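*Asks:* I'll drop the sequence and a predicted model, then ask my questions.
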Amino acid sequence: MKISIQINEGPYQHQASDTAYQFAKAAIAKGHEIFRVFFYHDGVDNASRFTIPPQDDRNVVNQWAELDIKNADGEPELVVCVAAALRRGMLDEGEASKNGIDGNNIHPAFRISGLGQLIEAGIQSDRLVVFGD
Amino acid sequence: MATKKFMYLNRKAPYGTVYALESLEVVLIAAAFEQDVSLAFIDDGVYQIVEGQNPEGIGMKNFSKTYHALGDYDIKQLFVSAESLEERGLSIDDLMPLVWEDEDEDWAEKPSIQVVSNAELTKLMSDQDVCLSF
Amino acid sequence: MLHTVNKSSFERNSLQSCLNTIDDSSVILLIEDGVISAAKNTKSPMLADLAAQGRVFALQGDVEARGISSKVADNIKLVDYAGFVDLVVEHGTAVSWL
């Protein structure tokens, strides 16, 4: 089955991203396809490559990256909402240069895109599961 | 593209958290996908469409006006929980008069908001293909 | 449908709102702080009827994390994440009561 996930909360503050990750991992292990993970609201913070948790704790960002969820064209299907991301200072290279900012922080396993990607995930997937606060 | 029934489930008041605003942003984008879209306002979510919001004093943007645009995007099914209104001492008269224009009836304005009981909401929800919560 | 509830009923009304609009064929999965509502002998036995019908599940990892394994009501079924996935697959549209 094709399953998509929406995550509304950032890492560490709330369990939503952890639960979603465990769910996605279990779904993949059972042979299902994670069509897309869409990061919205503070969920966009899950994509920061600058995240440095203590050594004895999980690295939520890297966990997602290691799931390596990609589409047939090899693009990441860990998708960060652009509007929510810009508002919260989450930028990829393209958005940084477009907005004249001298740095970017989106982990390469994620990509920034529009809200349409969430709707499309709802249309294309057999199930969409939302994790939040 | 296949048409699915999408319900947007809104249970939080505006301004205290960003969920209401960013939910509305999704709904506006969703309109372009020509799906069967409905919005449910339950619990404190009913405050999202209360008339007379004025966030000037808290230095925030008044996005409540944007709900008036939903009709133009052909989003005309806004279901509000009767029980949630009643619990909060509100009635439909406290809500914004949101309308859509029916092109089959010479663009007559029709109300977009329907106050529904929990039993009716139950049926409506059971019918959905996708439920997005914020 | 599968309804997920992730908040304790002592903290928020998510579970009550879910129960207000759940149809006769749907099931509830308690996750995160939602598992607190799975404990027996609480003063808030909202789930008793549905649990008796075998329609309430709780995520085992969340139950264990919170130290309430021995307190979960007998008719609430524990599932792991694979079981969560199965519930999503089997019960159609998923509704999250955030």
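*Replies:* Right, received. Where do you want to start?
*Asks:* rest of the way, CA atoms for contacts and neighbours
*Replies:* Fine.
*Asks:* which residue sits closest to the residue positioned nearest the centre of chain C in space, ignoring its chain neighbours?
*Replies:* Closest to where the C-alpha atoms of chain C average out (C-alpha atoms, centre = their mean) is residue C:30, at 2.8 Å. Closest residue to residue C:30 apart from its sequence neighbours, by C-alpha to C-alpha, 6 or more residues apart in numbering or on different chains: residue C:58 at 4.5 Å.
*Asks:* So the one you found, which state does it fall into?
*Replies:* strand (DSSP: H, G, I helix; E, B strand; the rest coil).
*Asks:* thought residue C:8 was touching residue C:35?
*Replies:* Yes: if you go by C-alpha atoms under 8 Å, residue C:8 and residue C:35 touch, sitting 6.9 Å apart.
*Asks:* Residue of chain B closest to chain C, please.
*Replies:* residue B:122 (4.4 Å; C-alpha to the nearest C-alpha).
*Asks:* I figured that residue hits residue C:26, correct?
*Replies:* No: if you go by C-alpha under 8 Å, residue B:122 and residue C:26 don't touch, sitting 10.5 Å apart.
*Asks:* how about the helices in chain B?
*Replies:* Applying DSSP state H to chain B gives helices spanning B:19-30, B:82-87, B:118-126.
*Asks:* who's in contact with the residue of chain B closest to chain C?
*Replies:* Taking C-alpha atoms under 8 Å, 6 or more residues apart in numbering or on different chains, we find residue B:122 in contact with C:20, C:21, C:22, C:23.
*Asks:* contacts for the lengthiest helix in chain A?
*Replies:* Ranked by number of residues, the top helix in chain A under DSSP H is helix A:16-29. With contact meaning C-alpha under 8 Å, 6+ apart, helix A:16-29 is reached by A:5, A:7-11, A:33-34, A:43, A:46, A:60, A:63-64, A:67, A:131-133, C:32, C:81-82, C:84-85.
*Asks:* now check stretch A:33-43, is it near chain B?
*Replies:* Yes: Stretch A:33-43 lies within reach of chain B by C-alpha under 8 Å from any C-alpha of the partner chain, at residue A:41.
*Asks:* Quick check: mean pLDDT of that stretch?
*Replies:* Averaged across stretch A:33-43, pLDDT comes to 98.
*Asks:* just to revisit the earlier point, so what strands line up beside the helix or strand just after the longest helix of chain A?
*Replies:* Next helix or strand after helix A:16-29 toward the C-terminus (DSSP states H and E): strand A:33-39. Using DSSP bridges, strand A:33-39 pairs in its sheet with strand A:2-7 (parallel), strand A:78-81 (parallel).
*Asks:* what's the most buried one of the ones you listed?
*Replies:* Highest mean neighbour count among the strands paired with strand A:33-39 (mean count of other C-alpha atoms under 10 Å in any protein chain shown): strand A:78-81, with a mean of 26.
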